[in-house]
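A.B. asks: compute the structure for the input listed below.
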Amino acid sequence: MSFAKYNPALLCDFYEFTMGNGYFLSGKKDGIACFDLFFRKVPDNGGFAIAAGLASVIEFIDNFKFNDEDIEYLRSKKMFSEDFLEYLRTFEFSCDIHAVPEGTPIFPKEPIITVKGPAVQAQLLETMLLLMINHQSLIATKANRIVRAARGRSVFEFGTRRAQGENAAMLGARAAYLGGCAGTACAACEPLYGIPAMGTMAHSWIQMFDSEYEAFSAYARLYPDGCTLLIDTYNVLKSGIPNAIKTAKEVLEPMGKRLKGVRIDSGDITYLTKQTRRLLDEAGLTDCKIFVSNSLDEYIIKDILIQGACVDYFGVGERLITSKSEPVFGGVYKLVAVEQDGKLVSKIKISENPEKITTPGYKRIYRLFSKQTGKMLVDMIALADEEFDFTQPITLFDPDHTWKRKTFTDYTVKQLLEPIYIGGKRVYDAPDIETSRAYCLGEVAKVWDEVIRLENPQNYYVDLSQKLWDEKHALLEKGASV
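C.D. replies: Reported below is the predicted structural model:
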């Protein structure tokens with residue numbers, strides 16, 4: 001099967017089809033099942049993650065069909081019933097999907113996406129939903145950490161050449177922009193997503209000329225309105241910055257132009273940027289910006305800024321696009337309820353590992369905000385059919401340490417899971433990337449500083465409603481007696 005003919009509907013773990021066929025033959029194909037997509041641990045031991053990938057989910061589901069080639073492949077396995085194959089051939093999506101909007105700060109064990117619908121359909125979504133949400137949430141989360149470490153300086157995503165494939169490069173760049181990056185080096189992302197693409201030169205440009213000054217001056221004449229010069233091909237302080245200043249004075253200023261910036265891609269960034277800034281200022285180039293790259297991440301950026309590095313822009317590549325420090329998001333997709341006699345019956349997965357015990361039931365998430373500060377106070381996960389009077393004080397408790405209780409009085413509330421599909425029909429229009437990015441940065445600003453810090457963040461409380469807590473523990477006790 002060629003890449004050009006590839007159908008994403010077939011991009012799933014093979015057991016989705018064996019289970020789907022099994023549901024079909026067992027009389028459960030029309031049985032209603034509810035699944036939660038959630039994650040268990042914030043990457044890099046951070047305080048929160050960023051939800052991303054919903055736009056890809058919508059694009060996938062809007063085009064979720066099996067073609068004749070797919071059906072013939074499955075038939076060739078000689079293990080699927082013809083009735084099941086015909087069901088796939090004439091497939092019509094009919095699930096309800098609720099999801100947290102892209103850019104929302106999210107926390108372990110709370111649903112990012114809920115799916116309710118025929119068991120076969122809900123099961124077939126598992127792999128693609130996880131693939132898209134896991135990857136893009138991972139990169140958006142990493143990008144937001146790096147952007148926060150930069151303390152107001154612009155960060156550009158530079159990782160295309162180190163990404164694990166073209167889709168990872170483009171969707172990773174989109175997720176990085178959502179998380180707060182100012183742009184990308186990936187040219188395809190601007191026409192595709194509207195993300196600003198930028199770039200100047202590589203070391204090969206300088207090496208192509210007989211001298212560094214000749215390379216700089218040629219580039220300046222070609223691009224006088226946005227000239228940024230790479231100054232570490234040979235020696236930053238002995239040749240790179242002197243030649244950049246010479247280019248500014250002898251080529252650009254006679255044209256009425258200014259040198260926009262210099263970039264350093266190697267060496268002791270703190271020392272070199274301090275000296276570069278001094279030399280630029282002494283030459284009257286106080287408006288010339290300093291751009292640095294070279295295997296950066298949030299920890300290096302934080303340290304060099306503490307040390308006084310003079311940096312205006314950061315280019316971050318491999319450690320962002322691959323989330324090198326922790327390259328797995330760890331989202332899972334678990335059955336939480338099935339319909340019996342017209343009513344949803346909660347289901348739970350019990351494990352010897354407490355972190356793998358699921359929270360049962362078809363649910364909603366409510367986020368409380370302080371009226372005084374606008375900051376996030378607490379999240380409450382509740383069953384979808386519960387009703388609350390949020391005009392009154394509400395008492396919540398830690399689901400693991402139940403003696404820890406707090407009553408909230410001066411708050412506003414927001415339901416996080418928004419309807420995306422109802423009965424298989426899309427009811428949600430995804431915002432453009434600029435809107436989602438602005439929403440992300442605005443919502444992150446509502447997280448307490450203690451939760452935001454890069455190392456040893458304070459835990460943010462995600463509580464269960466009393467009814468949901470009771471139901472979970474009743475199922476745990478029932479499971480323990482089996």
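A.B. asks: hey, which strand is longest across this protein?
C.D. replies: The strand that spans the most residues within the chain, counting by DSSP state E, is strand 331-340.
A.B. asks: same for it, what does it pack against?
C.D. replies: Helices and strands touching strand 331-340, by 3 or more CB pairs under 8 Å, 6 or more residues apart in numbering; DSSP states H and E, are strand 32-39, helix 126-149, strand 343-346. (Each C-beta comes from the backbone N, C-alpha and C, glycine too.)
A.B. asks: the last one: how far from the chain's middle?
C.D. replies: What that stands for is strand 343-346. Centroid separation for strand 343-346 versus its chain: 32 Å, with CA atoms, centre = their mean, to the nearest Å.
A.B. asks: tell me the secondary structure for Arg161?
C.D. replies: With DSSP: H, G, I helix; E, B strand; the rest coil as the basis, the three-state label of Arg161 is helix.
A.B. asks: what about it, how many residues nearby?
C.D. replies: Residues near Arg161, counting by other CB atoms under 10 Å, number 11.
A.B. asks: report pLDDT for it.
C.D. replies: Looking at Arg161, its pLDDT stands at 93.
A.B. asks: mind listing what the closest residue to Leu54 other than its chain neighbours touches?
C.D. replies: The shortest distance from Leu54 to any non-neighbouring residue, by CB to CB, 6 or more residues apart in numbering, is to Glu102 (4.8 Å). By CB atoms under 8 Å, 6 or more residues apart in numbering, the residues touching Glu102 are 51-55, 140, 178, 430-431, 436, 439-440.
A.B. asks: most surrounded residue in these?
C.D. replies: The most crowded member of these, judged by other CB under 10 Å, is Ala52 (34 neighbours).
A.B. asks: beta partners of Arg426?
C.D. replies: Beta bridges link Arg426 to Tyr421 when assigned by DSSP bridges.
A.B. asks: sketch out the low-pLDDT regions of the stretch 251-400 of the chain for me.
C.D. replies: In the predicted model of the stretch 251-400 of the chain, no residue satisfies pLDDT under 70.
A.B. asks: and the strands in it?
C.D. replies: With DSSP state E, counting those that start in this stretch, the ranges of strands along the stretch 251-400 of the chain come out as 261-264, 289-292, 313-316, 331-340, 343-346, 363-370, 376-383, 394-397.
A.B. asks: could you dump those into TSV and include mean neighbour count and distance to Ala220?
C.D. replies: Output for the strands of the stretch 251-400 of the chain, formatted as TSV (neighbours: other CB atoms under 10 Å; distance: least, CB to CB, whole Å):
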stretch	mean neighbour count	distance to Ala220
strand 261-264	24	12
strand 289-292	23	15
strand 313-316	25	19
strand 331-340	18	48
strand 343-346	15	67
strand 363-370	21	51
strand 376-383	21	48
strand 394-397	17	61
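A.B. asks: now these as JSON lines including distance to Gly152?
C.D. replies: Output for the strands of the stretch 251-400 of the chain, formatted as JSON lines (distance: least, CB to CB, whole Å):
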{"stretch": "strand 261-264", "distance to Gly152": "17"}
{"stretch": "strand 289-292", "distance to Gly152": "14"}
{"stretch": "strand 313-316", "distance to Gly152": "11"}
{"stretch": "strand 331-340", "distance to Gly152": "31"}
{"stretch": "strand 343-346", "distance to Gly152": "46"}
{"stretch": "strand 363-370", "distance to Gly152": "24"}
{"stretch": "strand 376-383", "distance to Gly152": "22"}
{"stretch": "strand 394-397", "distance to Gly152": "35"}
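A.B. asks: to Asn459, which of those strands lies closest?
C.D. replies: Nearest of the strands of the stretch 251-400 of the chain to Asn459, taken as CB to CB: strand 376-383 at 11.1 Å.
A.B. asks: quick revisit: go through the helices and strands packed on strand 331-340 and name the closest to Leu383.
C.D. replies: Nearest to Leu383, of all the helices and strands packed on strand 331-340, is strand 343-346, at 8.1 Å by CB to CB.
A.B. asks: what packs against the closest one?
C.D. replies: On a contact count with 3+ CB pairs under 8 Å, 6+ apart, strand 343-346 meets strand 331-340.
A.B. asks: listing partners with orientation, what would you give for the strand it packs on?
C.D. replies: When DSSP bridges is applied, strand 331-340 pairs with strand 32-39 (antiparallel), strand 343-346 (antiparallel).
A.B. asks: from Asn459, how far out is the closest residue in space to Lys109 that isn't next to it in sequence?
C.D. replies: Counting by CB to CB, 6+ apart, Phe38 is the residue found nearest to Lys109 once chain neighbours are left out, at 5.8 Å. According to CB to CB, to the nearest Å, Phe38 and Asn459 sit 17 Å apart.
A.B. asks: the more surrounded of these two?
C.D. replies: Phe38 (25 against 11).
A.B. asks: separation between that one and Val336?
C.D. replies: For Phe38 relative to Val336 (CB to CB), the value is 10 Å.
A.B. asks: cool, Cys440 as well?
C.D. replies: According to CB to CB, Cys440 stands 27 Å off from Val336.
A.B. asks: quick revisit: just give me the least confident of the contacts of Glu102.
C.D. replies: pLDDT across the contacts of Glu102 is at its lowest for Ala430, which sits at 94.
A.B. asks: that residue contacts Gly53, correct?
C.D. replies: No: look at Ala430 against Gly53 with CB atoms under 8 Å: they stay out of range, at 11.0 Å.
A.B. asks: can you list the domains in the chain?
C.D. replies: Domain ranges of the chain: 3-139+327-480, 151-321, per automatic domain parsing.
A.B. asks: count of residues packed around Glu92?
C.D. replies: Neighbours of Glu92 using other CB under 10 Å come to 9.
A.B. asks: what score does it have for pLDDT?
C.D. replies: With respect to pLDDT, Glu92 scores 94.
A.B. asks: host element of it?
C.D. replies: Counting by DSSP states H and E, there is no helix or strand that carries Glu92.
A.B. asks: and the gap between it and Lys65?
C.D. replies: Remark: distance between Glu92 and Lys65 (CB to CB) = 9 Å.
A.B. asks: tell me which element the nearest residue to Phe369 once chain neighbours are set aside is part of?
C.D. replies: What sits nearest to Phe369 in space, not counting adjacent residues and going by CB to CB, 6+ apart, is Thr412, at 4.9 Å. Per DSSP H and E: Thr412 is located in strand 411-415.
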